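Enquirer: Provided below for reference: sequence and predicted model.
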Amino acid sequence: MDTDNKDDTLDQTSLSDTTAISEITKEEVVSILVVSGRSGSGKTSVLNILEDLGYYSIDNLPLSLVPQAAQRLVGDSGIKRLALGVDIRTPRADLSNFSTIHDTLKQTYGEQAVQVVYVTAQDSTLVARFNATRRVHPLMTKDTLSTEHSTNNLPAAIKKESDLLQPIFKRADMKIDTSMLNIHQLKERLRDYVGVDNKIVINLLSFGFKYGNPIDADFVFDVRILPNPHWNPKLRMSTGLDRKVKEFFADYPEVDEMAEDIGTFLERWLPNFLHNNRHTVTVAIGCTGGKHRSVFITQQLQDRLAVNLPTDLTVATKHREKHMW
């Protein structure tokens with residue numbers, strides 16, 4: 001809106017845009033991260049991590065297209081978290097105009113909604129990374145850049161890139177030096193910055209060993225040593241979810257002892273995965289056919305863990321052989 005206009009009446013277009021942004025804000029705060037930085041410093045890794053944290057990520061976006069991309073994704077599609085990667089490959093004119101583009105985004109979505117993340121590393125680290133991967137620095141690729149900015153000297157290209165990225169560097173809200181960070185530490189830094197709590201889904205999976213071990217399981221517990229209702233003709237067609245089978249297991253104290261031991265182990269160790277940059281952990285409980293014992297123990301664990309685990313750990317249950325019951 002033109003601030004010099006003293007008329008209190010909004011034109012229809014401005015009113016529509018303002019209303020759309022207000023509606024988004026009411027549902028969830030918009031977060032637009034412009035991610036930039038020096039080649040080889042880990043900008044792509046940052047975008048991948050942000051994607052894992054719920055951001056819609058786009059890499060190598062021409063800077064001049066950032067406002068249009070934000071409007072299309074945030075304004076039209078209702079995406080609340082957006083990470084846009086911009087680097088030295090964008091046209092030179094775009095870089096010199098960064099302050100204008102940055103101001104436009106802040107005026108449209110709010111001061112707090114738009115943040116600039118700048119990723120860098122020490123020169124010696126960048127040289128070592130390029131030598132290790134044998135990749136070519138963008139400023140050394142003459143067929144994609146003008147002769148004025150291309151160079152065959154890696155240290156010179158790194159220095160030149162820093163100079164060209166100064167308009168972005170000066171407006172960065174967060175500067176990350178990845179020289180001494182591993183990927184897990186980098187994720188911790190980003191998660192703390194964007195205010196996203198680590199969430200893990202604990203998948204409890206019952207299965208039958210006769211149909212093969214689950215290849216994606218992190219923990220496998222074998223409960224075939226427990227009494228088997230299969231040998232009782234009256235219970236053979238039932239499952240571990242049925243009341244009669246539960247009554248059968250109630251006569252054998254070792255069943256509750258097994259569930260107690262597994263539950264104690266999982267309650268002790270599963271919370272540690274919150275600090276291990278995991279998104280899912282699969283706990284598989286197996287018996288012979290995946291119908292009675294494993295199903296019963298899995299449900300016992302579901303009821304217990306759903307109450308006793310931290311709220312950042314969500315418990316989900318699946319019975320793999322259910323389609324054959």
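Expert: Happy to help now that I have it. Residues are numbered from 1 along each chain as shown.

Enquirer: contacts, neighbours, all on C-alpha from now
Expert: Fine.

Enquirer: which residues touch stretch 195-209?
Expert: 53, 191, 213-214, 273-274, 277-291, 294-295, 298, 302, 312-321 (CA atoms under 8 Å, 6 or more residues apart in numbering).

Enquirer: what's the least confident helix or strand in this protein, going by average pLDDT?
Expert: helix 12-27 (a mean of 41; mean pLDDT, DSSP states H and E).

Enquirer: which elements pack onto the helix or strand following that one?
Expert: Following helix 12-27 in sequence order, the next helix or strand is strand 31-37 (DSSP states H and E). Applying 3 or more CA pairs under 8 Å, 6 or more residues apart in numbering; DSSP states H and E, one finds that strand 31-37 makes contact with helix 43-52, strand 81-85, strand 114-120.

Enquirer: off-centre distance for strand 31-37?
Expert: Put simply, strand 31-37 sits 15 Å off its chain's centre (CA atoms, centre = their mean, to the nearest Å).

Enquirer: I'd like the distance between the residue positioned nearest the centre of the chain and residue 197.
Expert: By CA atoms, centre = their mean, the chain has its centre lying nearest to residue 52, at 1.3 Å. Between residue 52 and residue 197 the distance is 12 Å, computed by CA to CA, to the nearest Å.

Enquirer: same check, this time on residue 296
Expert: Residue 296 is 32 Å from residue 197, by CA to CA.

Enquirer: could you do residue 255 as well?
Expert: Separation of residue 255 from residue 197 (CA to CA) stands at 36 Å.

Enquirer: same question for residue 188.
Expert: Here residue 188 is placed at a distance of 10 Å from residue 197 (CA to CA).

Enquirer: and if you look at residue 225?
Expert: Distance of residue 225 to residue 197, given as CA to CA: 40 Å.

Enquirer: and if you look at residue 177?
Expert: According to CA to CA, residue 177 and residue 197 sit 22 Å apart.

Enquirer: related to what we said a few turns ago, let me have the helices and strands packed on strand 31-37 in JSON lines, extended by mean pLDDT and distance to residue 31.
Expert: Rendered in JSON lines, the data for these read as follows (pLDDT from 0 to 100; distance: least, CA to CA, whole Å):
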{"stretch": "helix 43-52", "mean pLDDT": "92", "distance to residue 31": "11"}
{"stretch": "strand 81-85", "mean pLDDT": "93", "distance to residue 31": "5"}
{"stretch": "strand 114-120", "mean pLDDT": "95", "distance to residue 31": "6"}
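
Enquirer: mind checking pLDDT for the spatially most distant residue from the centre of the chain?
Expert: Most distant from the centre of the chain: residue 233, at 48.8 Å, with distances by CA atoms, centre = their mean. Residue 233 carries a pLDDT value of 94.

Enquirer: how far away is it from residue 308?
Expert: Taking CA to CA as the measure, residue 233 and residue 308 are separated by 37 Å.

Enquirer: rewinding a little: ok, residue 188 and residue 197, which is more surrounded?
Expert: Per other CA atoms under 10 Å, whichever of residue 188 and residue 197 has more neighbours is residue 188, with 17 against 12.

Enquirer: contacting residues for residue 211?
Expert: By CA under 8 Å, 6+ apart, the residues touching residue 211 are residue 289.

Enquirer: re the thing from before, can you check which of the helices and strands packed on strand 31-37 gets nearest to residue 267?
Expert: Ranking those by proximity to residue 267 (CA to CA) places helix 43-52 first, at 25.3 Å.
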